[in-house]
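In: build me a model from this:
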Amino acid sequence: MHEVVIVGAGPAGSIAATVLAKQGCRVLLVDKAEFPRDKVCGDSVGWNSIRLLSDLGLSFESRIPELYSCGRVRGISPSGYVYQGSFPQKDGHYQHGYVIPRKHFDHSLWEFALQQGAEFERSRVTEPIIERGRVCGVRSTINGKAVEHRARITIAADGANSVIARCLRPDEASARHYAVAMRAYFGGLQGVEDCVEFYFNQTDLPGYGWVFPLGEAVANIGIALRLDTYRKNGESLRQAFGRFLRDPRLVEKLAKATPIGEARGCLLPLASQRLQRAYDGALLVGDAGAFISPLTGGGIYNAMESARIAAEVALEALQGNDCSLEELRKFEVRWRGVIGRRLRVEAIAQRLLSWPGVLDLIIRQMGRSEWFASFVLSRF
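Out: This is a model prediction of the structure:
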């Protein structure tokens, strides 16, 4: 029997497996997909994610050739105000991030987890094993054959449509606590720079469109809309995406652009909802635990940080031979201490940015005050 079974081998699952395996824990990482595999995302990896990976001993710059460094940001308000500048300094250095296709980023993290000693199995998890109110592992299928994996602790990192989360927490939050997104890759763009771009318009607030560069003339282009706003607009996600591609502000950039592959969409459970994330024998991390930023819709850093904290709590529980809910509740306390305040601020900011005038004021003021611009950009 494994000590820990982790469902989902994306960034959250792979980071949890890495932390556990480094300490000699017998950990099984389970995912329905074969790696490398694609994942719908804006592909932006910020400075805080880079720092976390470095702390774990993973320098992905040397492992992933398909990355593009971005040190600047451009934002265009609903009324046309424009801010452009560098990301602020941190510890004497300008912050910068990367745009990395998730196919390559996730594969690198998955490989690293296996190199630390984690085991991997490709199978489709169907449900958690629950006995006397306690999660004791998972049931899954491999080529139609049912199998069981029992473990002292189960970590759910299986994404927005988590099988584990649905079983443990069947009630669904209201639409304002979810977002939807769609993205596609395009080649042949004009004027692509080392600059991530955000486009805001009155119809889609709180939400935005983005253009994230992936090299010369190539970019990840997409939209993110809060689910209630999306439903209110009365158009399909593909129609909303098409409307963004026709935005007059993008005409010159996309004049000769051609799509690379199909546009794909996804659901994003936002961290603005109050949820239980620790159970007797189980922890929910990443998108499965609804750790996605209510402000940006980004989830990579929160996924990895929540997974790191969950793995550390799991190790302590195993060492103390106590995997009860009371012991695993330490996870709730610790993640709030690390990222909780930030998520609360982002939830408030998201509500404020539902008003076009507020966005106009913020972006205009960013252009006038370097201090204010640094304050706003430090939220990203």
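
In: what about this protein, any weak spots by pLDDT?
Out: Within the chain, the stretches with pLDDT under 70 are 89-95, 379-380.

In: domain parsing for it?
Out: 2-69+99-173+273-348, 175-269+353-377 (automatic domain parsing).

In: all helices of the chain, in order?
Out: Taking DSSP state H as the criterion, the chain contains helices spanning 11-22, 47-55, 102-115, 163-168, 227-233, 237-245, 251-254, 300-319, 325-328, 330-335, 341-352, 356-368, 370-377.

In: quickly compare these and say which is most buried.
Out: Of all those, helix 11-22 carries the top mean neighbour count, a mean of 28, counting by mean count of other C-beta atoms under 10 Å. No exception for glycine: its C-beta is placed from N, CA and C like everyone else's.

In: closest one to G75 among the domains of the chain?
Out: Among the domains of the chain, the nearest to G75 by C-beta to C-beta is domain 175-269+353-377 (4.6 Å).

In: just how off-centre is that closest one within its chain?
Out: Chain-centre distance of domain 175-269+353-377: 16 Å, with C-alpha atoms, centre = their mean, to the nearest Å.

In: next: stretch 123-136.
Out: Offset of stretch 123-136 from its chain centre (C-alpha atoms, centre = their mean): 25 Å.

In: returning to what we had before: out of the domains of the chain, the one nearest Y81 is which?
Out: Minimum separation from Y81 across the domains of the chain (C-beta to C-beta) falls at domain 175-269+353-377, 4.5 Å.

In: contacts only, for the residue most central in space within the chain.
Out: What sits nearest the mean C-alpha location of the chain, by C-alpha atoms, centre = their mean, is G299, with 1.9 Å. With contact taken as C-beta atoms under 8 Å, 6 or more residues apart in numbering, G299 is in contact with L268, G286, D287, F291, I292, S293.

In: same thing but 10 Å
Out: Contacts for G299 (C-beta atoms under 10 Å, 6 or more residues apart in numbering) come out as 10-12, 41-42, 159-160, 268-271, 286-287, 290-293, 306.

In: now it: phi and psi?
Out: When read as degrees, to the nearest 10, the backbone of G299 gives phi -130, psi 0.

In: quick check: it vs G42, distance?
Out: 10 Å (C-beta to C-beta, to the nearest Å).

In: what sits closest to D38 if chain neighbours are left out?
Out: K103 (4.8 Å; C-beta to C-beta, 6 or more residues apart in numbering).

In: tell me who's in contact with the one you found.
Out: Going by C-beta under 10 Å, 6+ apart, K103 touches F35, P36, R37, D38, K39, C41, D43, E66.

In: with V40 instead?
Out: Contacts of V40 by C-beta under 10 Å, 6+ apart are 102, 160, 181-184, 222, 263-268.

In: max pairwise distance over these: which two?
Out: A160 and A184 (19.2 Å).

In: returning to what we had before: P88: which of the domains of the chain is closest?
Out: domain 175-269+353-377 (3.7 Å).

In: quote the end-to-end distance of the closest one.
Out: End-to-end distance for domain 175-269+353-377, by C-alpha to C-alpha, to the nearest Å: 27 Å.

In: do stretch 363-378 as well
Out: End-to-end distance for stretch 363-378, by C-alpha to C-alpha: 14 Å.

In: I'm done for today, thanks for sticking with me.
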